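Asker: Here is my input; please provide its structure:
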Amino acid sequence: MISNTIQLHSCRTCGLYDPNFFPWGDDGETPTDDICSCCGTHAGLGLDEVDQIRERRRVWFARGCTWSYPEDKPENWDLANQLKNIRPDYL
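Answerer: All right, here's what the predicted structure looks like:
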């Protein structure tokens, strides 16, 4: 089970966890317009429905899971571990 803290600070598209990232606000539902440095998802721009997020993830996978801001990519990045941060209802 994913903790509430991880859910609040993780991208629903790619699962990137960053304690300084609040894509869906403190309530977990209000988009903040933050942009995920990994997949480039812009919280609130047509991505408030589960199907839209799943489609965005499919496109990101099709593009090879490349980072939107490669300078932020950790040396030991592990996609499989990162994907574990996605809420089950968004898989």
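Asker: Neighbours of residue 5, how many?
Answerer: By other C-beta atoms under 10 Å, 10 other residues sit near residue 5. Every residue, glycine included, has its C-beta placed from N, CA and C.
Asker: For the strand or helix carrying it, buried residues please.
Answerer: Per DSSP states H and E: residue 5 is located in helix 4-8. Neighbour counts over helix 4-8 (16 or more other C-beta atoms under 10 Å) mark 6, 7, 8 as buried.
Asker: In the protein, where is pLDDT below threshold?
Answerer: Along the chain, the parts satisfying pLDDT under 70 run over 46-48.
Asker: can you tell me which helix in this structure is longest?
Answerer: Secondary structure of the chain per DSSP state H: the longest helix is helix 50-62.
Asker: Next one: residue 23 relative to residue 44, how far apart?
Answerer: 8 Å (C-beta to C-beta, to the nearest Å).
Asker: ok so, going back, how far out from the middle of the chain is the helix holding residue 5?
Answerer: Averaged C-alpha coordinates place helix 4-8 at 12 Å from its chain's average position (C-alpha atoms, centre = their mean, to the nearest Å).
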